[in-house]
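Colleague: kindly return the folded structure for what I paste below:
(2 chains)
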Amino acid sequence: KQEVTQIPAALSVPEGENLVLNCSFTDSAIYNLQWFRQDPGKGLTSLLLIQSSQREQTSGRLNASLDKSSGRSTLYIAASQPGDSATYLCAVSSPGGYSTLTFGKGTMLLVSP
Amino acid sequence: NAGVTQTPKFQVLKTGQSMTLQCAQDMNHNSMYWYRQDPGMGLRLIYYSASEGTTDKGEVPNGYNVSRLNKREFSLRLESAAPSQTSVYFCASSRERGTYEQYFGPGTRLTVT
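Modeller: Numbers count the residues shown, from 1 in each chain, chains lettered A, B, ... in the order given. A predicted model of the protein is given here:
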């Protein structure tokens, strides 16, 4: 059974810092990995999708990498801003089972002005 | 283009009452999903519909039923609500199951007293 772990569970940084969020998964046989953002009391917004054949994806100040063989992904946020404060969720889609997303529990990020 | 919509946004039920959560997508997606999100547990799959006319159980289906009414709509029914079903419920859709990006609705906050 696929399991997804996110470290750290919470992170507090001052504005302007570059930061890295980590995600690991136990079964390297995946279709893709998706990073989401969730604001308090809101739904999930998809940030980046990395297919299993890709190594990284970039969107603005966000860069996500994937190392399938080691079961790891990182989300890099450059020049953090208070508006980046949210919970970031990592999810992997794997064959077998339900062939849909298995989620980590998230990293709660607070960026202080 | 509304994406994935859910109704209602909030609901309070008494134990034993029934209700149906509605979900609709306008992206012509084949696959739809219902998840629940609980503190400390992350998002867990309740049911999914790989295509119109099919539905299958996910990780936590007990106490729920679903209907794929047509390609656009996928409803979740609680026949006899229990306090353990207090949660935030998210509907999602994707072009197909497995390799495609999932898009989420805004969620329904359900409290069962």
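Colleague: hey, let's count contacts and neighbours off CA atoms from now on
Modeller: OK.
Colleague: so the residue nearest in space to the middle of chain B is in which element?
Modeller: Nearest to the mean C-alpha position of chain B, counting by CA atoms, centre = their mean, stands B:Trp34 at 2.9 Å. Assigned by DSSP states H and E, B:Trp34 belongs to strand B:31-38.
Colleague: list of residues touching that strand?
Modeller: B:43-52, B:74, B:76, B:87-97 (CA atoms under 8 Å, 6 or more residues apart in numbering or on different chains).
Colleague: so which of those are also by chain A?
Modeller: B:43-44, B:90, B:97 (CA under 8 Å from any CA of the partner chain).
Colleague: most neighbours among those, which one?
Modeller: Ranked by neighbour count (other CA atoms under 10 Å in any protein chain shown), those have B:Phe90 at the top, with 27 neighbours.
Colleague: touching, that residue and B:Phe104? I think so.
Modeller: Yes - look at B:Phe90 against B:Phe104 with CA atoms under 8 Å: they come within range, at 6.7 Å.
Colleague: what sits in contact with each of the two?
Modeller: Common neighbours of B:Phe90 and B:Phe104 (CA under 8 Å, 6+ apart) are A:Gly43.
Colleague: one step back: which of the residues in the strand holding B:Trp34 are buried?
Modeller: For strand B:31-38, burial by neighbour count (16 or more other CA atoms under 10 Å in any protein chain shown) applies to B:31-37.
Colleague: re earlier: ok, the ones next to chain A among the contacts of strand B:31-38 vs A:Thr45, which is closest?
Modeller: Here the nearest of those to A:Thr45, counting by CA to CA, is B:Phe90; it sits at 12.0 Å.
Colleague: how about the secondary structure of the closest one?
Modeller: Following DSSP: H, G, I helix; E, B strand; the rest coil, B:Phe90 is assigned to strand.
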